[in-house]
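**Student:** What shape does this take:
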Amino acid sequence: MDNNSYDSGDWFNKLDFSYQSDNWGTGLPIASQNQGNWPIMEPLLANSALTPQPSDIAHARDAFREFLEIRGPPAFSTCTRSPMCKPTCTS
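**Tutor:** Numbering: from 1, shown residues only. Below you'll find the predicted structure:
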């Protein structure tokens, strides 16, 4: 809902590699840019029916992986030669 989640920091961009949570509804975005929309956002964030379930998160993960396969070779195929990449990267 925040059109600038990048500046909200890691709180709203948290990754859960167990795919059990996506940090939905953990708080309102920064007031300086969003406070006027808080009355609209609050009930949506509190609505448990909108909280993504692990199956929804897994579906999004799988769809993203499919997009990567369609795209062709991995975008970071040189990452195995970079000390910045995890050893699990492959080309």
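
**Student:** Does A63 fall in a helix, a strand, or a coil region?
**Tutor:** Assigned state for A63: helix (three-state reduction, DSSP: H, G, I helix; E, B strand; the rest coil).

**Student:** Now do it, the pLDDT please.
**Tutor:** We have a pLDDT of 94 for A63.

**Student:** now the residue nearest in space to the middle of the chain: how far from E69?
**Tutor:** Among the residues of the chain, the one closest to the centroid is N13, at 5.5 Å (Cα atoms, centre = their mean). To E69, N13 is 25 Å away according to Cβ to Cβ, to the nearest Å. For the C-beta atoms, the positions are set from N, CA and C on the backbone; glycine is no exception.

**Student:** Report the contact partners of the closest residue to P29 other than its chain neighbours.
**Tutor:** In space, P29 comes closest to D2 once its chain neighbours are excluded; the distance is 3.4 Å by Cβ to Cβ, 6 or more residues apart in numbering. D2 is in contact with S8, F12, P29, I30, Q33, N34, counting by Cβ atoms under 8 Å, 6 or more residues apart in numbering.

**Student:** Could you do N3 as well?
**Tutor:** Q33.

**Student:** Let's see that with 10 Å instead.
**Tutor:** Contact partners of N3, counting by Cβ atoms under 10 Å, 6 or more residues apart in numbering, are P29, Q33, N34, N37.
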